[in-house]
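[1] model this:
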Amino acid sequence: MLEKIKCHLLKYLPTYLLIAFIVSVGVGVLLIVYNKISDSSDMIRYFGFTFTIFSVLLVVLQFRSTRDWGKRQLAITSAKEIKDSNMDDVKILNKAFNYLLLGTKSTIKVDDIHDQICQKKEDGELYRDDDGKLRVDDDGNGYKVKRAISNRLNEFEYIAVGVYQNVFDREIIKALFAGPLIKTYYNFKDYITHYNEEMSPGRKGKVWINLVELAKDFENEELATSDKRKEAGL
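    Numbers count the residues shown, from 1 in each chain. Below is the predicted model of the structure:
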């Protein structure tokens, strides 16, 4: 909610400032008309102060606009780089899980992931070491699949961190990545939980946490927009 208010204020801030400036000048004129300000030095001070304040605010707005433009450009550049770097990973995931045919909210089972990335015995059973832990097939295709999964999750984690740290423009990222981000979250939802709770419990559930949170944020926003359209009969 606070994020939406912030975005709204930033978007319409120039309009609000213009209205405030007109109102301030109008108040000054009324003060003169009703003789609340009659001395010329008082008039100069009032209007001088008003123009100074709004001049400073305009400079700040200009700086903000330049900074926001930089954030948008960085978001677009990063999006292209991630799209290009993910192509090979998507091919590997598609071969392993028919990834491109998976629905947005389809979840790949952890057992299916283990079947693709872990070492197997001659009878096809997954190999476990003396501690009962599964081993990644580092010498075969398993390592490639595991790396492809990690690359995809890490790339979206990077994007999500950039949004939350105000490095990337949120609306640009939403327009470019909302769908793929939500899909990636659902596709690997069980694996993310498994990794946090069983493979890396020391991280206390923080592995890919920004990816998860941003995916949920975008999904909730899409649902809210859809509900509004239904209410409006669109």
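[2] Provide the secondary structure category for Tyr158.
    Assigned with DSSP: H, G, I helix; E, B strand; the rest coil, Tyr158 falls in the helix class.
[3] What's the local residue count around it?
    Tyr158 has 15 neighbours, counted by other C-beta atoms under 10 Å. To be clear about C-beta, it is placed using only N, CA and C from the backbone, and glycine gets the same treatment.
[4] measure it to Ile172 for me?
    Distance, Tyr158 to Ile172, using C-beta to C-beta, to the nearest Å: 15 Å.
[5] same thing with Asn196?
    Asn196 is 29 Å from Ile172, by C-beta to C-beta.
[6] Check Glu219 too.
    Distance, Glu219 to Ile172, by C-beta to C-beta: 18 Å.
[7] Same question for Asn94.
    From Asn94 to Ile172 the distance is 27 Å (C-beta to C-beta).
[8] And the two? Which one has more around it.
    Between Asn94 and Ile172, counted using other C-beta under 10 Å, Ile172 has the larger neighbour count: 18 against 14.
[9] Quick check: that one is in a helix.
    Yes. Counting by three-state DSSP, Ile172 is found in a helix.
[10] For it, give me the pLDDT.
    With respect to pLDDT, Ile172 scores 83.
[11] just the one 4 residues further on next, same as before
    pLDDT, Leu176: 84.
[12] where's Asp115, which helix or strand?
    Using DSSP states H and E, Asp115 maps to helix 110-117.
[13] Give the rounded mean pLDDT of that helix.
    The predicted model assigns helix 110-117 a mean pLDDT of 93.
[14] That helix - contacts with which helices or strands?
    helix 40-97, helix 141-164, helix 189-194 (3 or more C-beta pairs under 8 Å, 6 or more residues apart in numbering; DSSP states H and E).
[15] List the buried residues for that helix?
    Across helix 110-117, burial judged by 16 or more other C-beta atoms under 10 Å covers 110, 113-114, 116-117.
[16] okay, those in TSV with distance to Lys146 next?
    TSV is the format used below for those (distance: C-beta to C-beta, whole Å):
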residue	distance to Lys146
Val110	13
Ile113	8
His114	10
Gln116	8
Ile117	4
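[17] Span of stretch 200-218 from start to end?
    End-to-end distance for stretch 200-218, by C-alpha to C-alpha, to the nearest Å: 27 Å.
[18] Could you pull out the buried residues of it?
    Neighbour-count burial for stretch 200-218, counted by 16+ other C-beta under 10 Å, picks out 207-212, 214-215, 217-218.
[19] Go through those and say which is closest to Leu101.
    Nearest to Leu101 out of those is Ala215 (C-beta to C-beta; 20.2 Å).
[20] Where does the closest one fall, secondary structure wise?
    Using DSSP H and E, Ala215 falls within helix 209-231.
[21] Where in the chain is the helix or strand with the lowest mean pLDDT?
    helix 2-33 (a mean of 62; mean pLDDT, DSSP states H and E).
[22] Buried ones in stretch 85-96, by neighbour count?
    For stretch 85-96, the buried set under the neighbour-count rule, 16+ other C-beta under 10 Å, comprises 86, 89-90, 92-93, 96.
[23] cool, stretch 132-150 as well?
    By neighbour count with 16+ other C-beta under 10 Å, stretch 132-150 contains the buried residues 137, 142, 144-146, 148-149.
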